[in-house]
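Q: only the shape, not the letters, is given here:
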């Protein structure tokens, strides 16, 4: 049975540095790539979010990733349709779906005094 990895306070800074300096010719920075690079599983990395400092770094890295994806699509370094799919699935940035048949129904009630 594997031992559960222990949290290292330097991990938050290392993760932030990885995301902010990511400059590979293909792909985008990801938590799973960082986990492998750090000899961790994604599950172990995610479990460290219970530490306030690490969770703050995680959220900032998520924003860096979002910006990276948007910038890559705008510069046509990445497929805009696929980028839109990723942003929709990971960040809820898709177009809002209309509910119903598009007909507005209004009911008025007249009250006489």
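A: Thanks, I have the structure now. What you are looking at is a predicted structure, and each value in this text was computed from that prediction instead of being measured.

Q: contacting residues for residue 7?
A: The neighbourhood of residue 7, defined by CB atoms under 8 Å, 6 or more residues apart in numbering, consists of 48, 51, 54. Using the backbone N, CA and C atoms, a C-beta is placed for each residue, glycine as well.

Q: same thing but 10 Å
A: 44-45, 47-48, 50-51, 53-54 (CB atoms under 10 Å, 6 or more residues apart in numbering).

Q: do the same with residue 67
A: Neighbour list for residue 67: residue 19 [criterion: CB under 10 Å, 6+ apart].

Q: that one and residue 73, how far apart?
A: 11 Å (CB to CB, to the nearest Å).

Q: out of the contacts of residue 7, flag the one nearest to residue 92.
A: residue 45 (21.9 Å; CB to CB).

Q: what's the pLDDT at that closest one?
A: For residue 45, the pLDDT comes out at 96.
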